[in-house]
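Q: Following is a predicted model, sequence given first.
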Amino acid sequence: MSLKIIGDQKIGLAPVPIEAVEAFWGIFEEGASLTEAPLKERKQGLTREESRTACFFALLA
């Protein structure tokens, strides 16, 4: 969808033509992955949470 501001209080929506979609298809294939870093960070966070939880429950035992 394409946004267009109309006047002071209106926003118009217009579909993007198929040619534009095809022209931009795959432009981010090269370079660093935009999903790998957050997934790696989340995995590290879960490992950290699990170790903290294990320490907490060890104190209760």
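A: Cool, the structure landed.
Q: gap between the residue nearest the centre of the chain and F28?
A: Among the residues of the chain, the one closest to the centroid is T35, at 7.0 Å (Cα atoms, centre = their mean). Computed as Cβ to Cβ, to the nearest Å, the T35 to F28 distance reads 11 Å. From N, CA and C alone the C-beta is placed, and that goes for glycine too.
Q: Excluding chain neighbours, what is closest to I5?
A: Closest residue in space to I5, ignoring its immediate chain neighbours: I11 at 5.9 Å, by Cβ to Cβ, 6 or more residues apart in numbering.
Q: Where does pLDDT dip in the protein?
A: 61 (pLDDT under 70).
Q: longest helix anywhere in it?
A: Identified as the longest helix of the chain according to DSSP state H is helix 36-60.
Q: circling back to that earlier point, state the three-state secondary structure for the residue nearest to I5.
A: When classified by DSSP: H, G, I helix; E, B strand; the rest coil, I11 comes out as strand.
Q: Is it in contact with M1, as I believe?
A: No. Taking Cβ atoms under 8 Å as the definition, I11 is not a contact partner of M1, at 10.5 Å.
Q: Compare neighbour counts for those two and give me the winner.
A: I11 (9 against 6; other Cβ atoms under 10 Å).
Q: mind listing what that one touches?
A: 3-5 (Cβ atoms under 8 Å, 6 or more residues apart in numbering).
Q: Sounds good, over and out.
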